[in-house]
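[1] Fold the following and give me the result.
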Amino acid sequence: MYMLFSSHQVTMASNKIVAVPGVFILALLLVAYCAEATICSRHNTSYQGLCRSNKNCANSCTQHGLGTSGYCKGNVRIFKKCFCTFECPGG
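    Numbering: from 1, shown residues only. Modelled structure (predicted):
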C-alpha cells in the first residue's frame, strides 16, 4: 500500500484547517469592535428659518463644519429645529 501523504503533510494540513477559521473569526470580531462609532447630535444655531427639509439641514451642517449630516427634529412641524450629527469624540 502506498501512502499518499506523509504524517508531516497531514499534520500541516490539520493546522491550516484550524488556523483559517480562527483567523476569520478574529477578523470579524475586530471589524465589529472598530465599526461601533457612537453618533452624537447638536443643535445647528447657524440654520435660519423653519427646518422643513432634512437635506437642507444636512447641507447647512456640512457647510458650517458642524457635522457630517443633519436632520430636522421636533414634535410639531412649525417648531422643528435643525440638528447636526457627528461622531462622538473618543467614541
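[2] Stretch 74-91: which residues count as buried?
    Of the residues in stretch 74-91, Lys80, Cys82, Phe83, Cys84, Thr85, Phe86 count as buried by neighbour count, 16 or more other Cβ atoms under 10 Å. All C-beta atoms are positioned from the backbone trio N, CA, C, and that covers glycine.
[3] my guess is the fifth one meets Leu66, correct?
    No - the pair Thr85 / Leu66 is not scored as a contact, 9.4 Å apart, by Cβ atoms under 8 Å.
[4] between the two, what contacts are shared?
    Common contact partners of Thr85 and Leu66 (Cβ atoms under 8 Å, 6 or more residues apart in numbering): none.
[5] give me the beta-bridge partners of the closest residue to Lys73 other than its chain neighbours?
    With sequence-adjacent residues excluded and distances taken as Cβ to Cβ, 6 or more residues apart in numbering, Lys73 is closest to Phe83, at 4.9 Å. Beta-bridge pairing of Phe83 under DSSP bridges involves His43, Tyr71.
[6] What segments of this structure are helices?
    Using DSSP state H, the helices of the chain run over 7-35, 54-63.
[7] Which other helices and strands does the shortest one contact?
    The reference is to helix 54-63. If you count contacts as 3 or more Cβ pairs under 8 Å, 6 or more residues apart in numbering; DSSP states H and E, helix 54-63 packs onto strand 69-73, strand 81-87.
[8] list the buried ones in that helix?
    Under the neighbour-count criterion of 16+ other Cβ under 10 Å, helix 54-63 has Asn54, Cys57, Ala58, Ser60, Cys61 buried.
[9] residues making contact with it?
    So helix 54-63 is contacted by 44, 46-47, 51, 66-72, 82-85 (Cβ under 8 Å, 6+ apart).
[10] Any chance of a PyMOL selection covering the buried ones in these?
    The following PyMOL line selects those of the contacts of helix 54-63 that are buried, judged by 16+ other Cβ under 10 Å:
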select buried, resi 44+47+51+66+67+69+70+71+72+82+83+84+85
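[11] Now the two most distant members of the contacts of helix 54-63.
    Maximum pairwise distance in these, criterion Cβ to Cβ, is 17.4 Å, between Cys51 and Thr68.
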